[in-house]
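In: here is a sequence with its predicted model. Questions after.
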Amino acid sequence: MTRCVPILLAAGLVAVAAGCSGDRKTTSTTTVPTAQSLFAGGPAATGFADVRTSIKTLYTQHPEIGGFTYQDVSYTPATRDKVLTVCRVGGPTANARERETSRVFGCAPLIFFFYSFGTRKHVPASVNVARDLYGYAATIRGPFNPKPALTGLLRSWGVR
């Protein structure tokens, strides 16, 4: 990862600081072709273990992802796992809201990366991984509904 990720995370934190609320709802989804929106049908409730397995499978079946760089960002398995840890447990924070925010916006750069790899290299499995990770991040439980801010951030980065 490069210097761009902290800037992207800071942008996400600003979006959340503006305040987000709303009802949580989850729907089930199926495989998504590359041309379909990442957000179609709403986020599926996806467990972290399933997301991690689909990510590892993607890296095994498409090893070229380890050398893919987009907007000066790439994820080797080691850097990917560091970011996934923040996505799963959050960063060092003082309260539940900050922890939830760090988790949600820790996931965002990876969602963007998998979406970008999938759409630019025509790998539908990578778009599916991005969708699974989005489903996980958008349904993280905490004091606010993470979906609106996460969706807005990803859309601002060009994710459809």
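Out: Perfect, thanks for sending it.

In: for residue 70, grab phi and psi.
Out: When read as degrees, to the nearest 10, the backbone of residue 70 gives phi -140, psi 130.

In: grab the longest helix from the protein for me.
Out: Secondary structure of the chain read by DSSP state H shows that its longest helix is helix 96-120.

In: list the helices and strands that helix packs on?
Out: In terms of contacts (3 or more C-beta pairs under 8 Å, 6 or more residues apart in numbering; DSSP states H and E), helix 96-120 is packed against helix 4-17, helix 77-89, helix 124-138, helix 147-156. For the C-beta atoms, the positions are set from N, CA and C on the backbone; glycine is no exception.

In: next, the angle from it to helix 147-156.
Out: 40 degrees (axes from the mean of the first three to the mean of the last three C-alpha atoms, to 10 degrees).

In: could you pull up the mean pLDDT of helix 96-120?
Out: Per-region confidence: helix 96-120 scores 94 on mean pLDDT.

In: next, the buried residues of that helix.
Out: 98-119 (16 or more other C-beta atoms under 10 Å).

In: which residues touch residue 136?
Out: With contacts defined as C-beta atoms under 8 Å, 6 or more residues apart in numbering, residue 136 is in contact with 46, 47, 48, 51, 87, 107.

In: low pLDDT regions in the protein?
Out: In the predicted model of the chain, residues 1-36, 42-43, 45 satisfy pLDDT under 70.

In: what helices or strands is the helix or strand where residue 55 lies leaning on?
Out: Here residue 55 sits within helix 48-61, counting by DSSP states H and E. For helix 48-61, the packing partners by 3+ C-beta pairs under 8 Å, 6+ apart come out as helix 77-89, helix 124-138.

In: to the chain's geometric centre, what's the distance from the longest one?
Out: For helix 124-138, the separation from the chain centroid amounts to 7 Å (computed by C-alpha atoms, centre = their mean, to the nearest Å).

In: tell me the buried residues in that helix?
Out: Quick answer for helix 124-138 (16+ other C-beta under 10 Å): 125-138.

In: mind putting the residues you listed into CSV with distance to residue 71?
Out: Below are the buried residues of helix 124-138 laid out as CSV (distance: C-beta to C-beta, whole Å):
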residue, distance to residue 71
125, 21
126, 16
127, 17
128, 21
129, 18
130, 15
131, 20
132, 22
133, 18
134, 18
135, 23
136, 23
137, 19
138, 22
